[in-house]
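Chemist: this one's sequence-less:
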């Protein structure tokens, strides 16, 4: 077993708490389900919360739950014919999200999934689901984004038992690679795991200032593979398409595959990001140029949450 990582950091504790947070998310989905059955639904967020929205949207359509779209708040098209809009925000203060909610037509249900149920986003929605148990005190989102995805999965009828068990394995097992080998990290996924790949790239970029990118798995062959080679780590979140891993290995890149649940695989990425940050002498709780909430455009401007 590897020694505890980042034992003095907030993010280390939040990474370790994820199995318990997912258990609570599953219980929450049973008592407070989010979706109107069959209704056309949009999910919207910023940063990691946008990636959570995208994962849940793909899972709902995959499960036959109804037409579901996901938007970055700044690019949202919520004037379309939606019956329900679900806004995701850890702080509940994100300015783009508040602007997007303000544009929702009358009669559309507005639901907030928020780390702070007393926040402005919660106040302007018809109802709010309280994720304070999963709120991250660190700037970087780990526990909140995975717990929201876990909640969505459970609400759509999936058991989280295997995911929670795999998350414990991901926490207790050895690191997936030696951090010095990770010169460039590429994350690939399919279906709902494309969003997890983007979340993985973002957490590694924020926490460790790592060179990262993310793509739908088969799209990697259409251009991005040109930069693959020694020093590149290509990490599949979820299953790899037949033949793709060996094609990537032929470039000299390192390929990482795993049988763990994709959400648990994201926990392994978080651990690598934390280890990289520490080896580089970075503060994993306070990445440069980021904060949980900042004031843009002067003291009267609304607060905007960088990490979503």
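Modeler: Great, that's in hand. Predicted model, so just to flag it, every value in this text is computed and none were measured.

Chemist: for the record, mean pLDDT for stretch 106-114?
Modeler: The average of the pLDDT scores along stretch 106-114 is 98.

Chemist: try stretch 164-173
Modeler: On average, stretch 164-173 scores 94.

Chemist: what's that stretch in contact with?
Modeler: If you take Cβ atoms under 8 Å, 6 or more residues apart in numbering as the criterion, stretch 164-173 is touched by 1-2, 15-16, 18-19, 22-23, 260-261, 263-265, 267-268, 271. The C-beta positions use only the backbone N, C-alpha and C, and glycine is treated the same way.

Chemist: Okay, now the unreliable bits of the stretch 201-308 of the chain?
Modeler: Along the stretch 201-308 of the chain, the model assigns pLDDT under 70 to residues 287-308.

Chemist: residues in contact with residue 136?
Modeler: By Cβ under 8 Å, 6+ apart, the contact list for residue 136 reads 10-11, 14, 90, 115, 142-144.

Chemist: Inside helices: which ones of the residues you listed?
Modeler: Judged by DSSP state H, helices contain the following of these: 10-11, 14, 143-144.

Chemist: Quickly list the domain ranges of the chain.
Modeler: The chain breaks down by automatic domain parsing into domains covering 10-155, 161-279.

Chemist: so which of those gets nearest residue 285?
Modeler: With Cβ to Cβ as the measure, domain 10-155 is the member of those nearest residue 285 (4.5 Å).

Chemist: now the end-to-end length of that closest one.
Modeler: End-to-end distance for domain 10-155, by Cα to Cα, to the nearest Å: 29 Å.

Chemist: thinking again about what came up before, would you list the buried entries among the contacts of stretch 164-173?
Modeler: Restricting these to buried positions leaves 15-16, 18-19, 22-23, 260-261, 263-265, 267-268, 271, with burial counted as 16 or more other Cβ atoms under 10 Å.

Chemist: Show me which pair in the contacts of stretch 164-173 is furthest apart.
Modeler: Greatest spatial distance among the contacts of stretch 164-173 (Cβ to Cβ): 2 and 23, at 23.4 Å.
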